[in-house]
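K.L.:
got a predicted model here, sequence first, then my questions.
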Amino acid sequence: MGSLIAQIVSVTLMNLGSLRRRLWMSLAMVLASAVVVAILLAFLAMAKGFEETMRGAGSSQIAILMREGSSTELNSVILQDQVNLIGASAGVARGTDGPLISPELYVIVDGIKKSSGTEANIPLRGLNTAGMDMRTNMRLVEGRLFTPGTNELVVGAGVLREFDGFEIGRAVRFGKNLWTVVGVFATEGNIFESELWADINIIQSHYNRGNSYQSIRVKLENDGDLGPLQKTLEREPRLNLEIQTERDYFASQGKQLQYIAIFGWIVSAIMALGALAGALNTMYTSVADRAREIATLRALGFSSFSAFCGTVAEAMVLAVAGGLLGSLAAFVFFDGLNTSTLGGSFTQVVFSFEMSPELFLQGAILALVIGFISGFFPAWRAARMPVIVAFRHGA
Amino acid sequence: MNDLYLIYKNMTRKPLRLFLTCFAIFIAFLIFGAVTSLKSALNSGVELSADNRLVVFNRINFTKSLPIAYYQKVAAVTGVKDVTHLNWFGGYYQEPAKQIVSMAVEPESYLRVYGEVIIPETQKQAWFNNRQGALVGEKLAEMYGWKIGDRIPVSSNIFTHKDGGYTWEFIVSGIFKGNTEQYDTRHMLFHYQYFMETQTFGGDWIGWMALTTDDPSLNEKVAKVIDDTFANSQNETDTSTEEAFNKAFIEQIGNIGLIIFSVVFTAFFTILVVVGNTMALSIRERTGEIAVLKTLGFSSTRIFRMVLSESMLIALIGGLSGLAAAWFLVEVGKTFLAQFLPSLILDGNVALQALVFMLLLGLVTGLLPAFNALRVNIATAFNRQ
């Protein structure tokens, strides 16, 4: 047993030592596995970053109400009487100043993207203090909150990152209205960071929205319990609203980008197949090249098994080297890469690619698998080939 | 012995290697074809935009509407040939997930501004004369099985109907085609007047305007006159060419697209490099044989031609089958992605690009080893063995 291990080790070392002689072959193998790993990691990092952005946004303690049939806040219309009726409903948590309810309205404004210098949509959300308190993970990074009744706004950290001209103290002009940026807020990286917030009454008057809103956020009395509010909606014909928890709402909003992630998965899986064929081919050629060497080893008394293990080990070392290279490339190019895209409501969602240790682990596993598969079959063939045949046809 | 026979024998001496090589090339071109088609589908709105067509939006953002009074003022600007106005309806059929691109328009001017819309004269007149009538795109009609004369309920996720509810009933007056295959006919158009009279809010507002100029060279001037007219009003306008607007909209989808495409293309080229390397090596392996052929009196050009044909053949077999599979994939994908990417099509341009890459692959992988083999001295080659 001990001698077998010694044999494997020495064959492996010998193979690795002679890699330089097969420089192009070895590089091709490394490259093939690097590509597979890099593609996979890039897509995983994107999906992960987006997921984080969407996940943190939804709370099950908060319900969101919109007009029936409108799938996003942008399309919905809600009137003041309806807000009052909801405020009086059972199931709504109450604070010292009455029900914890936040009627909200947003308009879309243009910002200039730093990356491309072109205009892109940003939501300017109007809300009241209860609405800000409801977003429990919101904290001010810089400056202060807007003063109700003034043209002041606070800007999400994501907007500040991706768009030009939203620094504190800056005056921002949307149409005829001038706004002053007075603060920057963060919401642990979730989707609200892609928004601008201002006083609801000012937005209503600047944009001729009268007393209308688009959504109502309600703090629920019991976590996740929509029952009492649902009953109010059924009983009261004036309330043509639909209710869902904020968590469900954002989960459905996140679907669009999930399609991109799925697309990425499919593409990288298919690409991986192509690269795997390339790697297998390389190993076959490389082993065939050495058929005579391997036969010589076996003629010298090395077992077929150790010759087999040596070749597999060589392939795996090369694949892992490629995996490291691929991970490194993915890390350098993609980690923390800020980007934004059009989300469910026609507005920009800002998020960043995220490379977590577990992604690296997945990349490493993939590299090992590639190495094993592309080493196994050629090694198997080489080890089984009768020594005489190898000598005769090896070259 | 015929050259072709030799090439065939050389290619198939290691069937497994041939298969793996072709397979890797197949995959590379499959992805290339599919992804490039996807990319050009995303950009088709930009490519198809008429060069003398401008769009006028509210400066705040394109989702904000404009007062209808602006329409007449824009029509009066010199250099403006035809102008029409459009309102986004936010329509869906039966359930919110089945969204329909539907717009309330001013019928006669719309058809003048959008010359791509092809419709029989009788259907056109029928639409003009029926205020409840709607023009439906060919593909949209096909999707839901609508025929001329059908009464179809379309709901809006924005507006409410005066009679309560969110559903409007339209009568299909005509079914239109586009003048090119890429033109998206998945939308429907109906009378602005009917829309205004039956909705509960929104007043005399229009979503945006589209206009054609007398000549593309007037575009900039016309845009400036329009924007100046409404400067410092409650609703300032932003006029741009349709092309610029579409481009800006696509850019909103953003870097994501760019990132995906660059990752895929890097992968595509790396696979080609890896495969090309093996192909080149497999020919180099045969240096000895080539020396034998030379000894037998094969001329250098003949050997050269044989080696090159072999690598070309492999590149083309893998590449063309990959391209064919991509075409098939795109055809299938068309039906599933129709809602998002109506003009998904693997066109001649994409195929041509792919062909160029295939030829390059064959050329590069064949040329280098072929040169090396030719340069080699017969005696050294035998020694090497």
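P.N.:
That came through, no problem. Residues are numbered from 1 along each chain as shown, chains lettered A, B, ... in the order given.
K.L.:
quick one: B:Asp347 from chain A, how far?
P.N.:
21 Å (Cβ to the nearest Cβ, to the nearest Å). Yep, even glycine has a C-beta here, placed from its N, CA and C like the rest.
K.L.:
give me phi/psi at that residue?
P.N.:
phi -100, psi 180 (degrees, to the nearest 10).
K.L.:
tell me the pLDDT of the nearest residue to B:Gly149 once chain neighbours are set aside.
P.N.:
Counting by Cβ to Cβ, 6 or more residues apart in numbering or on different chains, B:Gly149 lies nearest to B:Val172, which is 6.4 Å off, once chain neighbours are set aside. pLDDT for B:Val172: 94.
K.L.:
equivalent analysis for the one 4 residues further on, please.
P.N.:
The per-residue pLDDT reported for B:Phe176 equals 93.
K.L.:
that's a helix at A:Ser115, yeah?
P.N.:
No. Membership of A:Ser115 in a helix is not supported by DSSP: H, G, I helix; E, B strand; the rest coil, which gives coil.
K.L.:
related to what we said a few turns ago, the residue nearest to B:Gly149 falls within a strand, correct?
P.N.:
Yes. B:Val172: assigned to a strand according to three-state DSSP.
K.L.:
so which residues on the stretch 151-300 of chain A come close to chain B?
P.N.:
A:174-176, A:207, A:257, A:260, A:263-264, A:267-268, A:270-271, A:273-275, A:277-282, A:284-285, A:288-289 (Cβ under 8 Å from any Cβ of the partner chain).
K.L.:
now which of those residues would you call buried?
P.N.:
A:174-175, A:207, A:257, A:260, A:264, A:267-268, A:270-271, A:273-275, A:277-282, A:284-285, A:288-289 (16 or more other Cβ atoms under 10 Å in any protein chain shown).
K.L.:
which residues touch B:Lys117?
P.N.:
Check again: residue B:117 is Val, not Lys. Applying Cβ atoms under 8 Å, 6 or more residues apart in numbering or on different chains, we find B:Val117 in contact with B:110-111, B:135, B:176-178.
K.L.:
which ones among these map onto strands?
P.N.:
Mapping the contacts of B:Val117 onto strands (DSSP state E) picks out B:135, B:176-178.
K.L.:
from the buried ones among the residues of the stretch 151-300 of chain A next to chain B, which land in helices?
P.N.:
Per DSSP state H, helices hold the following members of these: A:257, A:260, A:264, A:267-268, A:270-271, A:273-275, A:277-282, A:284-285, A:288-289.
K.L.:
what's near enough to touch the residue nearest to B:Gly149?
P.N.:
So B:Val172 contacts B:133-134, B:136, B:141, B:146-150, B:152 (Cβ under 8 Å, 6+ apart).
K.L.:
ok, and the closest non-adjacent residue to residue 136?
P.N.:
All of this refers to chain A. That would be A:Ser59: by Cβ to Cβ, 6+ apart, it lies 7.4 Å from A:Thr136.
K.L.:
wrong one, chain B
P.N.:
B:Met188 (4.7 Å).
K.L.:
wait, is that neighbour part of a strand?
P.N.:
Yes. Assigned with three-state DSSP, B:Met188 falls within a strand.
K.L.:
do you know how far it is from B:Val117?
P.N.:
Look at B:Met188 and B:Val117: by Cβ to Cβ, to the nearest Å, they are 12 Å apart.
K.L.:
which neighbours do those two share?
P.N.:
With Cβ under 8 Å, 6+ apart as the test, B:Met188 and B:Val117 both reach B:Leu135.
K.L.:
point to the residue nearest the middle of chain B.
P.N.:
B:Ala41 (1.6 Å; Cα atoms, centre = their mean).
K.L.:
that residue: what secondary structure?
P.N.:
B:Ala41 ends up helix, using three-state DSSP.
K.L.:
isn't it right up against B:Ile345?
P.N.:
Yes. Contact criterion Cβ atoms under 8 Å: B:Ala41 and B:Ile345 qualify, at 7.0 Å.
K.L.:
can you list the residues of the stretch 101-250 of chain B near chain A?
P.N.:
So the stretch 101-250 of chain B meets chain A at B:155-158, B:160, B:166, B:201, B:232, B:234-236, B:248 (Cβ under 8 Å from any Cβ).
K.L.:
same list, these, but as a markdown table with pLDDT, neighbour count and secondary structure please.
P.N.:
Listed next are those as a markdown table, based on pLDDT from 0 to 100; neighbours: other Cβ atoms under 10 Å in any protein chain shown; DSSP: H, G, I helix; E, B strand; the rest coil:
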| residue | pLDDT | neighbour count | secondary structure |
| --- | --- | --- | --- |
| B:Ser155 | 89 | 22 | strand |
| B:Ser156 | 87 | 23 | strand |
| B:Asn157 | 81 | 21 | coil |
| B:Ile158 | 81 | 20 | coil |
| B:Thr160 | 83 | 20 | coil |
| B:Tyr166 | 83 | 21 | coil |
| B:Phe201 | 69 | 11 | coil |
| B:Asn232 | 77 | 7 | coil |
| B:Gln234 | 79 | 9 | coil |
| B:Asn235 | 83 | 18 | coil |
| B:Glu236 | 84 | 16 | coil |
| B:Ala248 | 74 | 18 | helix |
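K.L.:
do a quick rundown of the helices in chain A.
P.N.:
A:2-17, A:23-55, A:80-88, A:129-134, A:157-162, A:200-206, A:227-235, A:246-253, A:255-289, A:291-299, A:304-334, A:357-384, A:387-393.
K.L.:
need the ones you listed in a markdown table (columns: distance to B:Ser65 and mean pLDDT).
P.N.:
Shown next, in a markdown table, are the helices of chain A (distance: least, Cβ to Cβ, whole Å; pLDDT from 0 to 100):
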| stretch | distance to B:Ser65 | mean pLDDT |
| --- | --- | --- |
| helix A:2-17 | 70 | 80 |
| helix A:23-55 | 30 | 81 |
| helix A:80-88 | 22 | 88 |
| helix A:129-134 | 26 | 86 |
| helix A:157-162 | 24 | 89 |
| helix A:200-206 | 15 | 90 |
| helix A:227-235 | 30 | 88 |
| helix A:246-253 | 24 | 78 |
| helix A:255-289 | 25 | 77 |
| helix A:291-299 | 76 | 80 |
| helix A:304-334 | 40 | 87 |
| helix A:357-384 | 45 | 86 |
| helix A:387-393 | 79 | 73 |
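K.L.:
burial count for B:Lys39?
P.N.:
Neighbour count of B:Lys39, defined by other Cβ atoms under 10 Å in any protein chain shown: 17.
K.L.:
distance of it relative to chain A?
P.N.:
Taking Cβ to the nearest Cβ, one finds B:Lys39 at 13 Å from chain A.
K.L.:
quick one: that residue and B:Ile260 touch, right?
P.N.:
No. Counting by Cβ under 8 Å, B:Lys39 does not reach B:Ile260; the two are 9.2 Å apart.
K.L.:
re the thing from before, nearest to B:Asn349, of the helices of chain A?
P.N.:
Nearest to B:Asn349 among these is helix A:255-289 (20.9 Å), distances taken as Cβ to Cβ.
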